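Engineer: below is the sequence, then the predicted model.
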Amino acid sequence: MKSCIITGASQGIGRATAVKMSYEEGIKNIALIARNVDNLNKTKELMNPECNVIVVPHDMMDLDGIEGVVDNIYKEFGSIDLLINGAGFVNPTALLDTTNDNFERTFTINTVSMLVMIRSCVRYMKGKDAKILNIASTAGSTSRPGWVAYAAAKAGVISLSKTLADELRGYKIKVYCISPGRCATELRRILAPEEDPATIMQPEDVADVIANLLSSGENCLDGQDIVVRQK
């Protein structure tokens, strides 16, 4: 039976993934991480009641606190087998309007905190056929004027994932990276209020892809940037 950590689990793709994973065979424990404890509890209410779920409020801007969070989860579960990095932040601005604070926050939450989370978890994952899945974005591999900080941060996620897939292979850890396209999340509704959410990909669609990649039968797609978009 496996234990799983999901960051960014309070809404959107993170919430849909948490719900999906709680019904997957072989998943016993799931830790949900995000800033908003009320939204985390709402996610927990949607999950399989037979799955052991703990809510762990944490702001991913607090890099120094991540290791302690992971240590406590390991003490609670006794193992960490799966890590899904879904925490993200976007405040799209053109270059001349992008402040240093915006740039720093965008990179810290989307990229740096992910690296710290992975580093903290790998200590407990080594030699256990563990899997890590990082959520990037198509913004990280295509031109996205007006989204310069976010696009650069997500490009960092893609590069980080490819490098760690090779570096951690000796520890028997697989690293996956997916890049969702337009998806009907709460944030997307704010950024594109004129868009009909029924016409674009749903968070549950992305969650299905994630669950398939993390299933015990997947052995070929690690180390790639897997684009997930509606046909």
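Structural biologist: Yep, it's here. Numbers count the residues shown, from 1 in each chain.

Engineer: what about stretch 82-100, distance to the chain center?
Structural biologist: 13 Å (C-alpha atoms, centre = their mean, to the nearest Å).

Engineer: scratch that, stretch 182-189 is what I was asking about
Structural biologist: 15 Å.

Engineer: restricting to C-alpha, output that stretch in CSV.
Structural biologist: Extracted in CSV, the C-alpha atoms of stretch 182-189 (Å, rounded to 0.1, in the frame of the first residue of the first chain):
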residue,chain,number,x,y,z
ARG,A,182,-6.1,25.4,-21.4
CYS,A,183,-8.0,23.8,-18.5
ALA,A,184,-11.3,24.9,-16.7
THR,A,185,-9.8,25.7,-13.3
GLU,A,186,-11.0,28.4,-11.0
LEU,A,187,-7.9,30.5,-11.9
ARG,A,188,-8.6,30.1,-15.6
ARG,A,189,-12.1,31.5,-15.1
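
Engineer: so which bits of it are buried?
Structural biologist: 183, 184, 185, 188 (16 or more other C-beta atoms under 10 Å). Yep, even glycine has a C-beta here, placed from its N, CA and C like the rest.

Engineer: try stretch 34-51
Structural biologist: 34, 35, 39, 40, 43, 44, 47, 48, 51.

Engineer: contacting residues for the residue nearest the centre of the chain?
Structural biologist: By C-alpha atoms, centre = their mean, the chain has its centre lying nearest to residue 86, at 1.8 Å. Residues counted as contacts of residue 86 (C-beta atoms under 8 Å, 6 or more residues apart in numbering) are 6, 7, 8, 9, 12, 13, 14, 17, 135.

Engineer: recalculate using a threshold of 6 Å.
Structural biologist: Each residue near residue 86 by C-beta atoms under 6 Å, 6 or more residues apart in numbering is listed here: 7, 8, 13, 14, 135.
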